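> Give me coordinates for this.
(one chain, ligands or ions: 1)
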Amino acid sequence: MCGIVGYVSSVAPREADHVALDVLLQGLGRLEYRGYDSAGVAVVTPDGQLGARKRAGKLQNLLDEVEAQPLPVAQTGIGHTRWATHGGPTDQNAHPHLADDGKLAVIHNGIIENFAQLRQGLAADGVEFESETDTEIAAHQLAKNHRATGDLTEAMRVTVGQLEGAFTLLAVHADAPDTVVAARLNSPLVIGLGEGENFLGSDVAAFIDHTRRAVEIGQNQIVTITPDSVSIIDADGHAVEGEPFDVDWDPATAEKGGFESFMDKEIHDQPQAVADTLLGRFGLDGRLQLSEMNIDESLLKSVDKIVVIACGTAAYAGQVAKYAIEHWCRIPTEVELAHEFRYRDPVVNEKTLVVAVSQSGETMDTLMAVRHARQQGAKVIAICNTFGSTIPRESDGVLYTHAGPEIAVASTKAFLSQVVACYLLGLYLAQLRGNKYSDEIRVILDELEAIPAKIQRILDETKPQVTQFAQANKDVSSVLFLGRHVGYPVAMEGALKLKELAYIHAEGFAAGELKHGPIALIDEGQMVIIVVPSKKGRDSLHAKVLSNIQEVRARGANTVVIAEEGSTEVEEFASQVFYVPETTTLLAPLLATVPLQVFAMDLATAKNLDVDQPRNLAKSVTVE
Ligand code: F6R
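Sure, this is the predicted structure:
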């Protein structure tokens, strides 16, 4: 939520050569997925002039503004793309916020909880406010502390001590033209290291075009960057070392690569994302090895309960994990939305393994649940796609998915790779605890390794049919999704994709639950999309879902079926069938989800909606 970028350089700009502005705008382009209701930049020239521009709406509005009203040429600056919390998405509420007669500029991600109280104090000092934001309060508070201390870093340290909440703040001051100061408290911030230039970003995407060397910053720390130095201090002013790491993302993976949208590209990235998430997980003896997990084997052997915590799409990956882990390892496994888990006094202890699934690694609800679980003595493993993010950092161990940067707000390739990582975890536990022989595990892994080619086949063969169907049905007003077993989370994921992208009513149900109430929704022509399980191995499951299709069809539903190749018996009950390649029941979500992603994307596109940046959403939800 909110994208933040900071930059300082020693390169002397030529006349009209906007070193800082170009880097900031490029970084904001990369971060726009984090929030896109307004954007702004502030730059400081070597002779201490501060200039700022900001505009409500997408980043393009800011680009138009800086073209119409050019900023002074500068080497230092900060930039922001916003997802509104305090105050609507207006020009006034956009960041940066200025203080000290326009000499100080601040941008912010997160929420300052005691802003009302601070505002009163500042108003009593005679400060007049121009916006409704909590950020402006922070800017004036920082300006006050700067006047008292004469040093921007020290002023930031004092200010952070006065603020309550979760936030990242970045500031520049006209009196310190080669410096950007930042603070981090429960909100994301990473440093990018360059030669004669340094960067700050909400995530590494902000500076991936310039450097892959990055440094993690801890909570409640203050960082000061100049062109040639990076220094970090803690809340008491003591110097601390950041943790350096290398980013293995290729900048090209963050580009659209010829596709109409990032979402389309990311759907097409899925064969690679699944293959990459499987890569390098085997030891020389052929056994599954998850060394990054960093949790004592004896502890994993003694675990008596697993709780998967996550939100949204990641929670649906967790639901798939439950079916697989319980089946393979016989360990009771619960899945809970992180925000519900955190506030209900859950029963977890030293024998509980908590698995936190998060693409961004910054979702505040999940982070709070991780902290709570660890306080109760549980060990936490993060399944995460973003290196250097907070959730893996605060967990006991991590299993990285290797989906590459996911820019479109709606999750696609991250979901599939989360599901793969959950399978790997389940198989690893089964291997460790002796629930399965290694040749049994090998059979499942072989099938997993065959999945990327099968996804590719869906993209090549089924996708064009789904696109045509979505375009023909763009005026549908409500769609229900049904599934059983692992098809149930797939149904919910299909419904979520349609809600968030096409803004139409969509619900996912367990097919067996239908007759307990939801069947009342079925009316003549109601579209119902049904995920049919394979008939092999779980014949009874297959037969039950066929009955469910007949129940809704008998009541007038327009039935659309996702079924395995060869399941031609479904054709009798469906107005449309999309076939996916065969696989085992437990792995089927990796295939059945793909047509549903395409359906939502293409229906929204046919309605002329922005599939990469749906209304009201942000990629990384860093507030509770
Ligand atoms: C839906 C979607 C969200 C995220 C959720 C968790 O398409 O993307 O539901 O899955 O906000 O985000 P992460 O995985 O970053 O914790």
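
> Return the distance of stretch 489-508 from the chain's centre.
On the basis of Cα atoms, centre = their mean, to the nearest Å, stretch 489-508 is displaced by 18 Å from the centre of the chain it belongs to.

> What score does residue 256 have for pLDDT?
Per-residue pLDDT puts residue 256 at 74.

> Next, count neighbours for it.
When neighbours are counted by other Cβ atoms under 10 Å, residue 256 registers 15. C-betas here are computed from N, CA, C, even on glycine.

> how about the nearest residue to it, chain neighbours excluded?
Taking Cβ to Cβ, 6 or more residues apart in numbering as the measure, residue 256 lies nearest to residue 265, with 5.4 Å between them; neighbours along the chain are not counted.

> do residue 374 as well
Across the structure, with Cβ to Cβ, 6+ apart as the measure, the residue nearest residue 374 apart from its sequence neighbours is residue 380 (5.7 Å).

> quick one: the one you found from residue 321, how far?
From residue 380 over to residue 321 the distance is 15 Å, taken as Cβ to Cβ, to the nearest Å.

> same deal with residue 598?
Taking Cβ to Cβ as the measure, residue 598 and residue 321 are separated by 24 Å.

> related to what we said a few turns ago, pretty sure the residue nearest to residue 374 is in a strand, no?
Yes: note on residue 380: a strand contains this position according to DSSP: H, G, I helix; E, B strand; the rest coil.

> Now do it, the pLDDT please.
97.

> do the same with residue 402
According to the model, residue 402 carries a pLDDT of 87.

> same thing with residue 544?
Residue-level pLDDT assigned to residue 544 equals 89.

> Please renumber the chain so that the first residue is 32 from this point on.
Sure, I'll start counting at 32 from here, so that last one is residue 575.

> list the contacts for the nearest residue to it once chain neighbours are set aside?
Of all residues beyond its chain neighbours, the one nearest residue 575 is residue 515 (6.4 Å), with distances taken as Cβ to Cβ, 6+ apart. Listed by Cβ atoms under 8 Å, 6 or more residues apart in numbering, the contact set of residue 515 reads 541, 542, 543, 562, 564, 572, 575, 576, 579.

> and what of residue 199?
Contacts for residue 199 were tallied using Cβ under 8 Å, 6+ apart; they are 35, 139, 140, 141, 213, 214, 215, 216, 218, 219, 220, 233.

> The last one: neighbour count?
Using other Cβ under 10 Å, residue 233 has 30 neighbouring residues.

> Could you double-check that it lies in contact with residue 59?
No: with contacts counted by Cβ atoms under 8 Å, residue 233 stays clear of residue 59, the gap being 10.4 Å.

> So which elements touch the helix or strand hosting residue 445?
Assigning secondary structure by DSSP states H and E places residue 445 in helix 444-464. For helix 444-464, the helices and strands in contact under the criterion 3 or more Cβ pairs under 8 Å, 6 or more residues apart in numbering; DSSP states H and E are helix 301-309, helix 328-333, helix 343-360, strand 383-389, strand 410-415, strand 428-431, helix 469-488, helix 620-637.

> Take these and write them to JSON lines, including distance to the ligand.
Rendered in JSON lines, the data for these read as follows (distance: least, Cβ to the nearest ligand atom, whole Å):
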{"stretch": "helix 301-309", "distance to the ligand": "14"}
{"stretch": "helix 328-333", "distance to the ligand": "24"}
{"stretch": "helix 343-360", "distance to the ligand": "2"}
{"stretch": "strand 383-389", "distance to the ligand": "3"}
{"stretch": "strand 410-415", "distance to the ligand": "8"}
{"stretch": "strand 428-431", "distance to the ligand": "13"}
{"stretch": "helix 469-488", "distance to the ligand": "18"}
{"stretch": "helix 620-637", "distance to the ligand": "9"}
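
> Turn these into a markdown table, columns for mean neighbour count.
Supplementary listing: the helices and strands packed on helix 444-464 in a markdown table, determined by neighbours: other Cβ atoms under 10 Å:
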| stretch | mean neighbour count |
| --- | --- |
| helix 301-309 | 22 |
| helix 328-333 | 12 |
| helix 343-360 | 24 |
| strand 383-389 | 28 |
| strand 410-415 | 28 |
| strand 428-431 | 21 |
| helix 469-488 | 17 |
| helix 620-637 | 26 |
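
> Need the ones you listed in CSV (columns: distance to residue 368).
As requested, these are exported to CSV (distance: least, Cβ to Cβ, whole Å):
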stretch, distance to residue 368
helix 301-309, 24
helix 328-333, 25
helix 343-360, 6
strand 383-389, 11
strand 410-415, 16
strand 428-431, 21
helix 469-488, 27
helix 620-637, 19
